[in-house]
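Visitor: This is a predicted model, with the sequence first.
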Amino acid sequence: MTYVTGEYTDCTPLLGDREALDGFFEEHGYLYLRGVLDRDLVRTTAEQMLEGLVALGAADPRATLDDVAIDSFEEVDEVAMHKYVKYDDFWNHPSTLEVFERVFGEPVFVFRSTTIRYYPSAAGAEEPSFAHLTPFHQDGFYIGPNKDFRPVWIPLVATTKESGGVALADGSHRRGPREHVVHESFRRFGHPVRGIPAELMGEDEALLHSAMEPGDVLFMHAYTCHKSVPNLSSPPVMRMSMDTRVQPATTERGFNALTPWTESAKDPSKGIMSKITGTPSAVE
Ligand SMILES: O=C(O)CCC(=O)C(=O)O
Ligand SMILES: [Fe+2]
C-alpha cells in the first residue's frame, strides 16, 4: 500500500459529540478537523518561518508566503530556524489548547519537541532529494515510554495533493506496534533509518492524504502508520508545516515530551534519530 487511495474524513462535525469523536479515533486512528485553529495565529507562525528563511539567506527578501522558494531543505540551518518559529506560543495559545482539550476531553500537555518543515518542490529538479522525508513509521516506535500521546500535524500555508504532507494508513493503529526495519531506501539526512516496509502494510489499510488549509489540524494515534508525501507541485509551491505531540496532562512525560528539538539535535552522540524525532538512539 504505497500510493494514496483516498482522503481524510472531515471529523469537524463530530466535535461536539464525545462518543462519536472517540469512536472515530478508536476505529480510524486519526481525527481531521477543519478550520478550528486561529488562522491569524497560523499566519503569524508562517510569517515567522518566512522571516527565518530570509534571515538565513535561503529565501529572497522580497518573497511572500505565496511565492517563497528555497533551493533545498537540507541547506538551511534547521537549528537556527527554531529561533524564528515561535511554535510554543502557537501550541500553548489558549485558543489552540482549547481545541486540543476538546479532542482529548481533558487537560493536555504539549511536547517541547516540535518539527518544523519547509520543503520546496522537487518537481523538475535535476537531482531531487527526498532525504528529509519519512518512510512508513509509527511515532510510538520512537517516542515513549507512554503511548497515550498523539502526533499533531498542521499546515502553515495551504497544502495541495501535489505539495504533499503526511499520508496515513486508515485504522493501522489497531494492530499495535509494528516492526521497523533498517532498509537502504529509508534514509534521512543521508543516514539509514528504520521504517515499516510498504509491502507489510495491509490491503485493507487505505492510505489517506488530503489538501489542507491553515486552521486545519490532523491528530493521529501513536501507532497510526504514516509517511511523508513528497512535494512535487508544479507550478512549485513550498510545503510549510509543523508537527508536535500532545498527551494528557496527567500522565508520564518522556524524553520527547520534555526536551526541545534543538537540545536533542545538537548532541550528535544521541544519534540521527534524535535529529528526526528528538529521541536519543545509538542504533541508527
Ligand atoms: O510531515 C511529514 O513529512 C512527516 C510527518 C510525521 O511523520 C509526523 O508528523 O509524525
Ligand atoms: Fe511521524
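Guide: Perfect, I can see it now. Residues are numbered from 1 along each chain as shown. Ligands and ions are numbered 1, 2, ... in the order given.
Visitor: can you tell if the lengthiest strand in the chain touches ligand 1?
Guide: The residue-count maximum for a strand in the chain (DSSP state E) belongs to strand 239-248. Yes: on the criterion CB under 6 Å from any ligand atom, strand 239-248 is in touch with ligand 1 at S241, D243. Heads up, the C-betas are built off the backbone N, CA and C, glycines and all.
Visitor: From the contact counts, what lies against that strand?
Guide: Packing partners of strand 239-248 (3 or more CB pairs under 8 Å, 6 or more residues apart in numbering; DSSP states H and E): helix 39-55, helix 87-91, helix 94-104, strand 108-110, strand 115-119, strand 150-155, strand 165-169, helix 255-258.
Visitor: tell me the angle that strand makes with helix 94-104.
Guide: 60 degrees (axes from the mean of the first three to the mean of the last three CA atoms, to 10 degrees).
Visitor: Output strand 239-248 as CSV - backbone C-alpha positions only.
Guide: The C-alpha coordinates for strand 239-248 follow below in CSV (Å, rounded to 0.1, in the frame of the first residue of the first chain):
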residue,chain,number,x,y,z
ARG,A,239,5.2,22.9,1.8
MET,A,240,5.4,24.6,5.2
SER,A,241,4.1,22.7,8.2
MET,A,242,4.9,21.8,11.7
ASP,A,243,4.1,18.9,14.0
THR,A,244,4.4,18.1,17.6
ARG,A,245,2.9,15.6,20.0
VAL,A,246,0.2,16.2,22.7
GLN,A,247,-0.6,14.0,25.6
PRO,A,248,-2.9,14.1,28.7
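Visitor: in it, what counts as buried?
Guide: R239, M240, S241, M242, D243, T244, R245, V246, Q247, P248 (16 or more other CB atoms under 10 Å).
Visitor: burial count for the closest residue to L37 other than its chain neighbours?
Guide: Among residues not flanking L37 along the chain, G215 sits closest, at 4.9 Å (CB to CB, 6 or more residues apart in numbering). When neighbours are defined as other CB atoms under 10 Å, G215 has 19 of them.
Visitor: again, but for R102
Guide: Around R102 there are 14 residues (other CB under 10 Å).
Visitor: contacting residues around it?
Guide: Listed by CB atoms under 8 Å, 6 or more residues apart in numbering, the contact set of R102 reads L15.
Visitor: From G215, how far off is it?
Guide: Relative to G215, R102 is positioned 15 Å away (CB to CB, to the nearest Å).
Visitor: cool, Y30 as well?
Guide: Following CB to CB, the distance that separates Y30 from G215 is 17 Å.
Visitor: returning to what we had before: most tightly packed of the helices and strands packed on strand 239-248?
Guide: For the helices and strands packed on strand 239-248, the largest average neighbour count (mean count of other CB atoms under 10 Å) is found in strand 165-169, namely a mean of 26.
Visitor: Cheers, nothing more for now.
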